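Participant: model this:
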Amino acid sequence: MNRRRFIQSTAAFATLTAVEFAPLQTISAFAKEVDDFVRGPVVKDHPLRQVSKHVWIIFSPDGFPTPENQGMMCNITFVNTAKGLVVVDSGASVQIGEMAIRQVKKAFKKPVIAIINTHYHGDHWLGNHAYVEAYGASLPLYSHPGTIAAVQGVQGNMWRTLMEQWTNQATLGTRVVAPSKPLQNGDELKFGDVTLRMHHMGTVHTPFDLCVEVLEDKLMLVGDVAMDRRIANMDDGSYLGTLKAYDTLEKTGSTIWLPGHGEPSANVLKWNREMFEGIYRPCEQAINDGLPLEEAKLLVLKDPRVASRARDTKGFESNIGKYVSLAYLEAEAAGF
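Facilitator: Predicted structure coming up:
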């Protein structure tokens, strides 16, 4: 048991007798006080970087949570509008959110006025906690209705617990603060000189991904629908849905694709499309030819679209087997 977990357990035990006969509200309030008292360490400052006229990011160089990076694995985006700052994806913990708030307070003399969470994976919304503490509980938190329901349900506490485990408790003290204001495909949010248009294209990375288009900048915040030199987790997603989504996104006229993981550029969709085609199409062919999963994996690894990217793709060796299995199952289902 590490020191922080020991302190948390001891604090809880020391007051157990005092709350044994207390009302439920008192017990809940006390549990919150224990969580607030035992917090993970402060996250070091990461610099703001301007991407376009209105868009700034705090870039995360890592693709996966570790004790060393304290869960700092997802880009945090700020849209600078005449009305204030809009955050798209708030990070993986209250500590990361607090770090981001420190940075924007140095750079801008304006408040955060809204948050948009692109989907229900915790590295994109657990930082909400810091913003409602800093800017008040009435701060609008937007997402797709399916994401709202997921975070309010099983996904919320599951992701909080997973992030604590993956970071060796560095994210302790983070509370689940779910988005509550729904956004659908085609909805627009106007903030003075900036208009944000939402794109939901069915099941892509998850069933409820939102891509956020900054119309004035011809920039698309794609969340985890596409990544830079990393393959999106497809456990809840669809290869065919993703490829179809890319067709839709390319028609928007956007020229910069800003992913949740990796560098923004004009080539993010192209990189992902070719990688996904290289994984899915050999599996599709294997199904048509009656080949087993093991043969499909060999075909994928030989595909030039995959082979040329393997060395530069984070987590490739440890995850390619799972990616192929999911593609094979999807192709099998599509064949019926």
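Participant: so what's the residue nearest to Glu330 when sequence neighbours are not counted up against?
Facilitator: Among residues not flanking Glu330 along the chain, Tyr239 sits closest, at 5.7 Å (Cβ to Cβ, 6 or more residues apart in numbering). Glycine gets a C-beta too; all of them are placed from N, C-alpha and C. Residues near Tyr239 by Cβ atoms under 8 Å, 6 or more residues apart in numbering: Phe276, Ile279, Tyr280, Leu326, Ala327, Glu330.
Participant: Can you tell me which of the residues you listed is closest to Lys190?
Facilitator: Phe276 (33.7 Å; Cβ to Cβ).
Participant: Give the buried residues for the helix or strand where the closest one lies.
Facilitator: Using DSSP states H and E, Phe276 falls within helix 268-288. Using 16 or more other Cβ atoms under 10 Å as the test for burial, helix 268-288 gives 268-269, 271-284, 286-287.
Participant: sorry, back to before: now, among the contacts of Tyr239, which is nearest to Leu299?
Facilitator: Nearest to Leu299 among these, with distances taken as Cβ to Cβ, is Ile279, at 9.9 Å.
Participant: Tell me the pLDDT of that closest one.
Facilitator: The model reports Ile279 with a pLDDT of 98.
Participant: Can you tell me the number of residues neighbouring the closest residue to Asn128 other than its chain neighbours?
Facilitator: Leaving aside its sequence neighbours, Asn128 sits nearest to Val177 (Cβ to Cβ, 6+ apart; 4.0 Å). Residue neighbour count, defined by other Cβ atoms under 10 Å, stands at 24 for Val177.
Participant: got it, and Lys190?
Facilitator: 12.
Participant: can you confirm it is in a strand?
Facilitator: Yes - counting by DSSP: H, G, I helix; E, B strand; the rest coil, Lys190 is part of a strand.
Participant: Near Ala137, how many other residues are there?
Facilitator: Ala137 has 8 nearby residues by other Cβ under 10 Å.
Participant: again, but for the one 5 residues further on
Facilitator: Neighbour count for Tyr142, taken as other Cβ under 10 Å: 24.
Participant: and if you look at Glu332?
Facilitator: When neighbours are counted by other Cβ under 10 Å, Glu332 comes out with 15.
Participant: coming back round to it: for the contacts of Tyr239, which one is nearest Ile113?
Facilitator: Nearest member of those to Ile113, counting by Cβ to Cβ, is Phe276, at 35.7 Å.
Participant: got the contact list for that closest one?
Facilitator: Tyr239, Thr242, Leu243.
Participant: Report the mean per-residue pLDDT for stretch 111-126.
Facilitator: On average, stretch 111-126 scores 98.
Participant: Tell me how many other residues surround the closest residue to Ile148 other than its chain neighbours.
Facilitator: In this structure, Ile148 finds its nearest non-sequential neighbour in Pro179, 5.3 Å apart by Cβ to Cβ, 6+ apart. Neighbour count for Pro179, taken as other Cβ under 10 Å: 23.
Participant: from memory Pro179 sits against Leu141, does it?
Facilitator: Yes - the criterion here is Cβ atoms under 8 Å, and Pro179 meets it with Leu141 at 4.0 Å.
Participant: what is in contact with these two at once?
Facilitator: With Cβ under 8 Å, 6+ apart as the test, Pro179 and Leu141 both reach Ile115, Asn117, Asn128.
Participant: Against Phe208, how distant is the second one?
Facilitator: Yep, that's Asn117 we're talking about. 10 Å (Cβ to Cβ, to the nearest Å).
Participant: Identify the contacts common to those two.
Facilitator: Ser143, Thr147.
Participant: Between these two, which is the more surrounded one?
Facilitator: Counted by other Cβ under 10 Å, Asn117 and Phe208 do not tie: Asn117 has more neighbours, with 28 against 21.
Participant: And this structure, what are its domain boundaries?
Facilitator: 3-37, 48-266, 273-334 (automatic domain parsing).
Participant: so what's the residue nearest to the spatial centre of the chain closest to, chain neighbours aside?
Facilitator: When Cα atoms, centre = their mean is applied to the chain, the residue found nearest the centroid is His124 (3.3 Å). Using Cβ to Cβ, 6+ apart and skipping residues adjacent in sequence, the residue nearest His124 is Asp89, 4.3 Å away.
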